[in-house]
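Colleague: Any chance you could fold what I've pasted below:
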Amino acid sequence: TLVVIRSNDAQESEKLRATEIGLRSQWEPTLSTDIVAFTHHYENMLRTSRSQTTVPGFPLAMVNVEVKNGGKMQLNGIELAADWRFAPAWRVQLAQTWNNVVQLGTVMVDASGTVPDSITSLRLSWVPVNNINVDAWLRHTAARLSLPSRPQLQRQAFGELDLRVAWRPKPSMELSLTGQN
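Modeller: Predicted coordinates:
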C-alpha cells in the first residue's frame, strides 16, 4: 500500500480559545480540592479525507489522504479534583472530568465521536528518599459513541495503568523507568 498525504498552502493552524473558572479550597495544609468549569472553542480543526485506488494488474493500492481545515467545535465541561498528602512521603490525587461536545460551523468535525463523556484519574505518589519518586497512575475513560458516518470512532470504555520510578543522581539529571498501560 502506498500512502500519499497532501495538504495545501491555505492550511491554517488549529486555534483554541479556552475559558476556565475555578475554586480551590485548602481544607488543611495536606488536603485541597478544586472545582473547575471550562469551555474550549476550537477553530480551523484539522480533518482528513481519504480515497483508495487499486492499481490494475499490480498488488498495489494507493491511499490518498488529504489534510484540511474542517470546522469548529465547542467543548464544555466540569472537573472535580482532590489532592491529599496523607503522610510526608505519600500523596493521592483524584480527579473526575465530565465533557460535553457542541459542534459549530458549517463543516462539522466528528468531535463527539472522539471525546469521551468522562475521565476518572487516580494517582498515587511515594517519595521513599529525597532523590527517588515512585508513581502509579490509574485512569478510566468512558466509552465513546460513534456517529453513523464514522462507526470506526466507537470505543469501549477502558482503563490504563502507568507506573514510574525516577532517580535523580544530581539535581539537574533524572533517570526514570516507566511502564505505560
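Colleague: pLDDT value on Gln152, please?
Modeller: Looking at Gln152, its pLDDT is 67.
Colleague: Over to Arg47?
Modeller: 69.
Colleague: Mind checking what secondary structure the residue nearest the centre of the chain has?
Modeller: Centroid check for the chain by CA atoms, centre = their mean gives Val115 as the closest residue, at 8.5 Å. Going by DSSP: H, G, I helix; E, B strand; the rest coil, the secondary structure assigned to Val115 is coil.
Colleague: residues in contact with it?
Modeller: 75, 99, 101, 144 (CB atoms under 8 Å, 6 or more residues apart in numbering). Backbone N, C-alpha and C define where each C-beta goes, glycine included.
Colleague: just curious, which of those residues is nearest to Glu20?
Modeller: Using CB to CB, Leu75 comes nearest to Glu20 of the contacts of Val115, at 11.6 Å.
Colleague: neighbours around the closest one, how many?
Modeller: Counted with other CB atoms under 10 Å, the neighbours of Leu75 add up to 18.
Colleague: State the helix or strand in which it lies.
Modeller: Using DSSP states H and E, Leu75 maps to strand 72-87.
Colleague: Can you point out the buried residues in the helix or strand that comes right after that strand?
Modeller: In the C-terminal direction, the helix or strand that comes right after strand 72-87 (DSSP H and E) is strand 90-104. Of all the residues in strand 90-104, those buried under the rule 16 or more other CB atoms under 10 Å are 91, 93-95, 97, 99, 101.
Colleague: ok, now stretch 127-137?
Modeller: Those would be 133, 135, 137, for stretch 127-137 by 16+ other CB under 10 Å.
Colleague: Just the ones of those residues in strands?
Modeller: Cross-referencing the buried residues of stretch 127-137 against strands under DSSP state E gives 133, 135, 137.
Colleague: Just name the closest of those to Ser125, please.
Modeller: Nearest member of those to Ser125, counting by CB to CB, is Asp135, at 5.0 Å.
Colleague: wait, isn't that closest one in contact with Leu122?
Modeller: No: using CB atoms under 8 Å, Asp135 makes no contact with Leu122, being 11.4 Å away.
Colleague: Name the residue most distant from the centre of this structure?
Modeller: Farthest out in the chain is Gly57, which, by CA atoms, centre = their mean, sits 43.4 Å from the centre.
Colleague: in the chain, which ranges drop under the pLDDT threshold?
Modeller: 46-50, 104-114, 146-153 (pLDDT under 70).
Colleague: Relative to Tyr42, how far out is Val55?
Modeller: Note on Val55: its distance to Tyr42, by CB to CB, to the nearest Å, is 38 Å.
Colleague: for the nearest residue to Thr1 once chain neighbours are set aside, phi and psi?
Modeller: Among residues not flanking Thr1 along the chain, Ala61 sits closest, at 4.9 Å (CB to CB, 6 or more residues apart in numbering). With angles defined as degrees, to the nearest 10, Ala61 sits at phi -120, psi 140.
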